[in-house]
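*Asks:* this one's structure only:
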């Protein structure tokens, strides 16, 4: 998921470089959403992993 966020970020940078503001802002918004979803999934899995370690002990 972070790979796709990076892809959309690069697309937004290239679009902004060529003057396509609408496409650049759209791609940046998608990249931002994907980044925060990836962080949320990471945090959930981190907490679940820590709880699983405590349950095994």
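*Replies:* Everything's here; your move. Everything quoted here is computed from the prediction, not taken from an experiment. Residues are numbered from 1 along each chain as shown.

*Asks:* so where's this protein shaky on pLDDT?
*Replies:* Along the chain, segments meeting pLDDT under 70 are nowhere present.

*Asks:* all helices of it, in order?
*Replies:* Ranges of helices in the chain, per DSSP state H, are 2-17, 21-56.

*Asks:* just checking, what packs against the last one?
*Replies:* With contacts defined as 3 or more C-beta pairs under 8 Å, 6 or more residues apart in numbering; DSSP states H and E, helix 21-56 has these neighbours: helix 2-17. Using the backbone N, CA and C atoms, a C-beta is placed for each residue, glycine as well.

*Asks:* go ahead and confirm residue 2 touches residue 36.
*Replies:* No: between residue 2 and residue 36 there is no contact, the gap being 11.0 Å when judged by C-beta atoms under 8 Å.

*Asks:* which neighbours do the two share?
*Replies:* Here residue 2 and residue 36 share no contacting residue, scored by C-beta atoms under 8 Å, 6 or more residues apart in numbering.

*Asks:* circling back: Serialize the helices of the chain to TSV and add fields for mean neighbour count.
*Replies:* Shown next, in TSV, are these (neighbours: other C-beta atoms under 10 Å):
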stretch	mean neighbour count
helix 2-17	15
helix 21-56	12
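
*Asks:* so what's the residue nearest in space to the middle of the chain up against?
*Replies:* Centroid-nearest residue in the chain, with C-alpha atoms, centre = their mean: residue 35, separated by 1.6 Å. Counting by C-beta under 8 Å, 6+ apart, residue 35 makes contact with 2, 5.

*Asks:* let's see 10 Å
*Replies:* Residues in contact with residue 35, defined by C-beta atoms under 10 Å, 6 or more residues apart in numbering, are 1, 2, 4, 5, 6, 8, 9.
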